[in-house]
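1. here's a sequence, model it:
(one chain, ligands or ions: 2)
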Amino acid sequence: MKLSSDKVTLAERHNKIVYDCGDTVVKVFNRAKPKADILNEALNLARAEQAGIRVPELVEVGKVGVSWAIATEKVNGKTLRQLLAEDPSQEDAILDRLITLELDVHAHSNRLLNRQKDKLTRMINGLGDTIDEAQRYELLQALDGMPNHTKLCHGDFVPSNIIVPDDNEAAPVIVDWAHATQGNGAADCAITYLHLVLGGEQDFADKYLRRYCERQGCTVAYVQSWMPIIAAAELERGRVHERDFLLSWIDVVDWS
Ligand SMILES: Nc1ncnc2c1ncn2[C@@H]1O[C@H](COP(=O)(O)OP(=O)(O)OP(=O)(O)O)[C@@H](O)[C@H]1O
Ligand SMILES: [Mg+2]
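-> Numbering: from 1, shown residues only. Ligands and ions are numbered 1, 2, ... in the order given. As a prediction, the model looks like this:
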């Protein structure tokens with residue numbers, strides 16, 4: 001894969017750079033990222049599309065020099081994150097839009113996706129000595145007791161992953177399917193909540209959680225019962241800066 005010389009950097013993370021290449025957006029991963037994860041991200045995107053979700057068209061999976069990369073067709077528009085930054089007075093409307101889209105994703109399914117419980121179990125077991133054996137056992141027991149659902153779950157349903165096309169008639173496009181699974185919508189909601197809090201948006205996160213539960217018809221306590229499990233999984237991703245914060249969430253047995 002060749003990148004255009006006038007590419008613009010959209011986002012730079014510890015393990016990848018996302019470039020705007022004009023007609024395409026290319027995510028270039030560093031060599032530490034296992035190639036199986038990159039192929040899985042591209043496969044998840046295809047699985048979500050197969051389920052009936054509007055995702056960017058997958059253009060290519062290949063190498064840029066020695067690095068693996070995923071190219072998708074560029075969606076001309078703004079993310080819900082950008083729209084919120086431009087006009088904070090629209091917060092309630094944007095939140096409603098985010099939740100409407102999330103519930104719509106959860107109303108879809110693709111039985112070929114990885115199972116959320118399997119993924120979370122693997123992540124909790126991958127924590128090694130970070131938590132003690134008794135705590136790991138408790139988390140795995142709690143996870144095992146959660147209802148088994150097969151909803152399409154995005155795994156990182158935050159405002160920066162929703163693009164509203166400039167053509168206002170067109171439906172929003174959902175990007176970044178690296179963490180998609182089939183499973184429980186409340187767990188997906190708990191992930192969004194945690195990511196918003198980690199991003200420093202406690203008030204927005206609290207409002208999101210209340211409204212999601214109202215609209216989904218579940219209790220806030222039910223979503224909160226997922227929090228220790230989700231915090232443990234997040235810790236396994238190696239979020240060193242948030243270590244103490246995540247450990248405190250894992251410790252909370254009773255959130256209500
Ligand atoms: N196909 C696309 N068309 C237009 N913009 C895109 C597309 N894919 C990604 N983007 C933009 O690039 C940003 C980063 O891409 P992506 O979310 O896939 O990677 P990321 O590393 O997870 O980023 P983040 O941490 O912000 O979620 C998105 O928030 C979006 O603004
Ligand atoms: Mg993203």
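
2. now do the same for the residue in the chain positioned nearest to ligand 2: helix, strand or coil?
-> At 3.6 Å from ligand 2, Asp176 is the closest residue in the chain, using CB to the ion. To be clear about C-beta, it is placed using only N, CA and C from the backbone, and glycine gets the same treatment. Secondary structure state of Asp176, per DSSP: H, G, I helix; E, B strand; the rest coil, is coil.

3. how about it, nearest residue that isn't a chain neighbour?
-> Among residues not flanking Asp176 along the chain, Asn161 sits closest, at 4.5 Å (CB to CB, 6 or more residues apart in numbering).

4. if I look at the one you found, how far off is Arg211?
-> Per CB to CB, to the nearest Å, Asn161 is found 18 Å from Arg211.

5. what segments of the stretch 1-150 of the chain are helices?
-> Secondary structure of the stretch 1-150 of the chain (DSSP state H, counting those that start in this stretch): helices at 35-51, 80-86, 91-106, 116-125, 133-144.

6. again with the stretch 151-256 of the chain
-> Using DSSP H, counting those that start in this stretch, helices in the stretch 151-256 of the chain cover 185-198, 202-216, 220-224, 227-236, 243-251.

7. need the ones you listed in TSV with mean pLDDT, distance to ligand 2 and mean neighbour count, can you?
-> As requested, the helices of the stretch 151-256 of the chain are arranged in TSV below (pLDDT from 0 to 100; distance: least, CB to the ion, whole Å; neighbours: other CB atoms under 10 Å):
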stretch	mean pLDDT	distance to ligand 2	mean neighbour count
helix 185-198	97	10	23
helix 202-216	98	17	16
helix 220-224	97	22	18
helix 227-236	95	15	23
helix 243-251	89	20	15
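
8. against Gln135, how distant is the residue nearest to Ala186 when sequence neighbours are not counted?
-> Excluding the flanking residues, the one nearest Ala186 by CB to CB, 6+ apart is Val223, at 4.8 Å. Per CB to CB, Val223 is found 21 Å from Gln135.

9. how about Leu84?
-> 36 Å.

10. burial of Gly200, as a residue count?
-> Neighbours of Gly200 under the rule other CB atoms under 10 Å: 8.

11. could you tell me the model confidence score at it?
-> We have a pLDDT of 94 for Gly200.

12. need the helices of the stretch 1-150 of the chain in a markdown table with mean neighbour count, can you?
-> Shown next, in a markdown table, are the helices of the stretch 1-150 of the chain (neighbours: other CB atoms under 10 Å):
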| stretch | mean neighbour count |
| --- | --- |
| helix 35-51 | 17 |
| helix 80-86 | 16 |
| helix 91-106 | 17 |
| helix 116-125 | 18 |
| helix 133-144 | 14 |
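
13. nearest to Ala233 among those would be which one?
-> Ranking the helices of the stretch 1-150 of the chain by proximity to Ala233 (CB to CB) places helix 116-125 first, at 4.1 Å.

14. can I get the closest one as PDB, trimmed to CA atoms?
-> Extracted as PDB, the C-alpha positions of helix 116-125 are listed here (Å, rounded to 0.1, in the frame of the first residue of the first chain):
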ATOM      1  CA  GLN A 116     -17.800 -11.000  24.500                       C
ATOM      2  CA  LYS A 117     -17.600 -13.400  27.500                       C
ATOM      3  CA  ASP A 118     -14.700 -15.300  25.900                       C
ATOM      4  CA  LYS A 119     -12.900 -12.100  25.200                       C
ATOM      5  CA  LEU A 120     -13.400 -10.700  28.700                       C
ATOM      6  CA  THR A 121     -12.400 -14.000  30.300                       C
ATOM      7  CA  ARG A 122      -9.200 -14.000  28.300                       C
ATOM      8  CA  MET A 123      -8.500 -10.500  29.300                       C
ATOM      9  CA  ILE A 124      -9.100 -11.100  33.100                       C
ATOM     10  CA  ASN A 125      -6.900 -14.200  32.900                       C
END
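
15. quick one: average pLDDT of that helix?
-> 97.

16. hmm, who's touching that helix?
-> Residues outside helix 116-125 that contact it (CB atoms under 8 Å, 6 or more residues apart in numbering) are 136, 139-140, 143-144, 146, 148, 153, 181-184, 187, 229-230, 232-233, 236-237.
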